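below is the sequence, then the predicted model.
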Amino acid sequence: MRVLFVLKQIDYEPIGLMHLSTTLKSAGHEVRVTVVSEEDPVAVARDWKPGILAYSVWTGGQRYYYEINNRIRAEVAAFSAFGGPHATFFPEMVEESGVDGVCVGEGENALVDLANALEDGSFEPDIPNWWFNVAGEIVRNPVRSYIADLDSLGQPDRAIIYDKDHIIRDSKIKHFISGRGCPYDCAYCYNRALFDIYRGKGKRVRQRSVGHLLDEVEWVKNNYPLEHVVFLDDTFILFRDWVAEFAEEYPRRVGLPFFCNVRANLVNEDVARQLKAAGCVSVGMGIETGNDELRERVLNRNMTREMIVNACRTLRDAGTNILTTNMVGLPHSSVDDDFGTIALNAECQASFANAFIFQPYPRTQLGELVRREGLMEGSIDDISLSAWDTSVLNFPADHKRQIENLQKLFAISVEFPWLVPLVRQLIKLPRNPFYWLVHKLWKGYTIKNRIHPIHLSPGEMVAIVRQYMKLD
Ligand code: B12
Ligand code: SF4
């Protein structure tokens, strides 16, 4: 069976897709990727005649993919399969025109089962993980168990992306994931919602063996440009023994600077020292809000202010730079709360303080609270693909404008707290490209110099800046 993945654009290695490609190919299927920003997907589908059109969708991207899918299907008869975070949390998308199947949760085995069944003509709409639309009738199947042994998946098919996109292939920064799942219950995060779907179906957190992960990093280092390794795991330091083994093996087998995500409650001097000795130059850490009540009661972060400040001090003392993630425009919050978040980030001396505008993703506890309390304007389809853009909560227009402006002036306010009185006035002005530019330039500078430092020739610098300014 020919499976054609249709992507809007490639900004990073899409790790889920690369895993799906590996499992499909090992089961004897053919896989291709078409990137809409680079070629006409209708022409590609017309020439290649795939049996399955596959889309990986995040909330905010669904309408774009419905439209492309319908354009392709106007000319090519194929089964349209949707998966990814939005499909997982909003499988009701199966009712959209042109959608045949929606995969809830992990897709490797689900997609292979579908491809096998369509290929040998044995298709029945009873395949676990799938919601099907069979001539207008919706069939909902339960999920199968979690994939317990991630090593058994083999290595993600990087070539399928690197052969397609030379910018990603030649980038000196590459992305990896060591595990799946997170044991915490933060109310705004997909992890808790995912666990609710999978309850009773296996271990919530799974991690590859250190050896399997390092085989991948080492292979990439030997075959492609690589200077800085980014581990995308939600929380890289969950298991102490695993971290200790990693810290011993990584310098020996890879020995490149790296970035990973941590959680304040898991940081102590030992871990900070181990990470640093292994080559960790920077970590990502969620602060989310400076309002203790909001953090505890609404976000369910289960983490005190003191813990956050201490974790940052410990990391800084070890010589590690810190990228923090934060949300402005939370439900039941004020602009003053957002300035409180800036103050906490400044106290933590964040190397770069990233601020997102809160988005009520479907099926998350906070997404459901927002809908229950009628705090949202419009529907799920109004959530933007980018959490930089706008708030969909029904704040008064003036509050909303301040949130949107503050998101852009957040990081420089953390770096230069003396600017805060001025920023309080600036955010009252209409939205404007100047704030966007300030955000973009400051982010670019700090990410390049503090978070993901790499060596660039003047030519590479120009190419990267051009690419970066085009990204959302
Ligand atoms: C890395 C990452 C990014 C990276 C790169 C993304 C990339 N190209 O892969 C960057 C930093 C760019 C990013 C940006 C954003 N991200 Co992000 N990101 C992630 C992260 C941490 C890892 C993604 C990943 O590789 N997972 C591992 C793979 C194995 O899992 P997977 O992708 O889900 O794929 C599996 C299944 O979903 C399924 N599947 C996936 N596709 C398909 C397709 C078919 C046909 C089938 C059958 C199955 C299937 O099978 C796969 C294998 O089991 C996830 C959280 C997470 N841990 O997953 C958030 C996550 C995907 N991001 C999220 C969000 C919201 C964003 C942003 C919108 C936030 C923002 N700042 O604006 C942007 C959007 C950017 C954009 N333009 O699209 C949300 C999505 C929530 C939602 N309901 O859609 C997540 C879930 C985290 C969260 N906040 O809750 N992100
Ligand atoms: S710690 Fe991070 S990844 Fe884990 S549930 Fe909370 S927000 Fe999600």
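Perfect, thanks for sending it. Numbers count the residues shown, from 1 in each chain. Ligands and ions are numbered 1, 2, ... in the order given.

need the contact list for D185.
D185 sits next to 191-192, 300, 302, 365 when contact means C-beta atoms under 8 Å, 6 or more residues apart in numbering. (Glycine included, C-beta is placed from N, CA and C.)

so it is in which element?
Counting by DSSP states H and E, there is no helix or strand that carries D185.

and it, how far is that from P421?
37 Å (C-beta to C-beta, to the nearest Å).

among the contacts of D185, which one lies nearest to ligand 1?
Lowest distance from ligand 1 to those (C-beta to the nearest ligand atom) belongs to N191, with 7.3 Å.

so what's the closest one up against?
Applying C-beta under 8 Å, 6+ apart to N191 gives the contacts 181-182, 184-185, 234.

quick check, the lengthiest helix in the chain touching ligand 1?
Secondary structure of the chain per DSSP state H: the longest helix is helix 397-415. No: residues of helix 397-415 are not located near ligand 1 by C-beta under 6 Å from any ligand atom, the shortest gap being 10.5 Å.

which parts of that helix are buried?
Neighbour-count burial for helix 397-415, counted by 16 or more other C-beta atoms under 10 Å, picks out 399-415.

which helices and strands does that helix pack with?
The contact analysis (3 or more C-beta pairs under 8 Å, 6 or more residues apart in numbering; DSSP states H and E) places helix 397-415 against strand 321-328, helix 335-347, strand 352-357, helix 420-426, helix 433-446.

figure out how far that helix is from the centre of its chain.
22 Å (C-alpha atoms, centre = their mean, to the nearest Å).

how about stretch 106-116?
Distance of stretch 106-116 from its chain centroid, counting by C-alpha atoms, centre = their mean, is 22 Å.

contacts for it, please.
Contacts of stretch 106-116 (C-beta under 8 Å, 6+ apart): 1, 3, 16, 19-20, 23-24, 27, 29, 51-52, 54, 79, 81, 83, 101, 103, 122-123, 127-130, 143-144, 146-147, 153, 180.

so for that stretch, what's the average pLDDT?
Averaging pLDDT along stretch 106-116 gives 98.

got it, and stretch 349-366?
Averaging pLDDT along stretch 349-366 gives 95.

what's the answer for stretch 136-151, then?
Stretch 136-151 comes out at a mean pLDDT of 98.

do you know how far L266 is from ligand 2?
With distances taken as C-beta to the nearest ligand atom, to the nearest Å, L266 is found 9 Å from ligand 2.

please read the previous query as pertaining to P14.
Taking C-beta to the nearest ligand atom, one finds P14 at 19 Å from ligand 2.

ok, that residue touching I160?
No: if you go by C-beta atoms under 8 Å, P14 and I160 don't touch, sitting 9.6 Å apart.

for ligand 2, see how far away the closest residue to ligand 1 within the stretch 351-472 of the chain is.
In the stretch 351-472 of the chain, no residue comes nearer to ligand 1 than A387, which is 3.5 Å away by C-beta to the nearest ligand atom. Remark: distance between A387 and ligand 2 (C-beta to the nearest ligand atom) = 13 Å.

going through the contacts of stretch 106-116, which ones are buried?
Applying 16+ other C-beta under 10 Å to the contacts of stretch 106-116 flags 1, 3, 16, 19-20, 23-24, 27, 29, 51-52, 54, 79, 81, 83, 101, 103, 123, 127-130, 143-144, 146-147, 153, 180 as buried.

among those residues, which ones are in helices?
16, 19-20, 23-24.

from G329, how far off is D165?
Distance from D165 to G329, counting by C-beta to C-beta: 33 Å.

whoops, I mixed them up, S413
With distances taken as C-beta to C-beta, S413 is found 16 Å from G329.

up against ligand 2, what does the stretch 201-350 of the chain have?
Proximity of the stretch 201-350 of the chain to ligand 2 (C-beta under 6 Å from any ligand atom) is limited to residues 234-235, 263, 286.

hang on, the earlier thing: the more surrounded of D165 and G329?
Taking other C-beta atoms under 10 Å, D165 and G329 do not tie; G329 has more neighbours (26 against 19).

residue of the stretch 201-350 of the chain nearest ligand 1, please.
Going by C-beta to the nearest ligand atom, ligand 1 is nearest to L232 of the stretch 201-350 of the chain, at 4.4 Å.

and that residue, how many residues sit next to it?
Using other C-beta under 10 Å, L232 has 16 neighbouring residues.

among the contacts of D185, which ones are in strands?
Among these, DSSP state E puts none in strands.

low pLDDT regions in the protein?
With pLDDT under 70 as the threshold, the chain has low-confidence stretches at 472.

domain assignment for it?
Listed by automatic domain parsing, the domain ranges of the chain are 2-140, 171-470.

and L24, what does it touch?
Counting by C-beta under 8 Å, 6+ apart, L24 touches 3, 31, 111-112, 115.

out of those residues, which is most surrounded?
Result: L111 is most packed of these (other C-beta under 10 Å), 28 neighbours.

assumed that residue was part of a strand.
No: if the criterion is DSSP: H, G, I helix; E, B strand; the rest coil, then L111 is helix and not within a strand.

L4 contacts D47, doesn't it?
No: between L4 and D47 there is no contact under C-beta under 8 Å: 10.4 Å.

the more surrounded of those two?
The residue with more neighbours, out of L4 and D47, is L4; 23 against 8, by other C-beta under 10 Å.

from ligand 1, how far out is the more buried one?
Plainly put, L4 is 10 Å away from ligand 1 if you go by C-beta to the nearest ligand atom.

use 652 as the first number for this chain going forward.
Sure, I'll start numbering at 652, so the last one becomes L655.

and that residue, bridged to which residues?
For L655, the beta-bridge partners are R683, L704 (DSSP bridges).

show me what contacts it?
L655 makes contact with 682-685, 692, 695-696, 699, 701, 703-705, 729 under the criterion C-beta under 8 Å, 6+ apart.

returning to that earlier point: pretty sure the residue of the stretch 852-1001 of the chain closest to ligand 1 sits against I824.
No: using C-beta under 8 Å, L883 makes no contact with I824, being 11.6 Å away.

tell me how many other residues surround whichever residue of the stretch 652-801 of the chain sits closest to ligand 2.
Closest approach between the stretch 652-801 of the chain and ligand 2, counting by C-beta to the nearest ligand atom: P736, at 12.3 Å. Counted by other C-beta under 10 Å, the residues lying close to P736 total 19.

that one - nearest residue in space that isn't next to it in sequence?
Among residues not flanking P736 along the chain, W709 sits closest, at 5.1 Å (C-beta to C-beta, 6 or more residues apart in numbering).

sec struct for the one you found, please.
On the basis of three-state DSSP, W709 is classed as coil.
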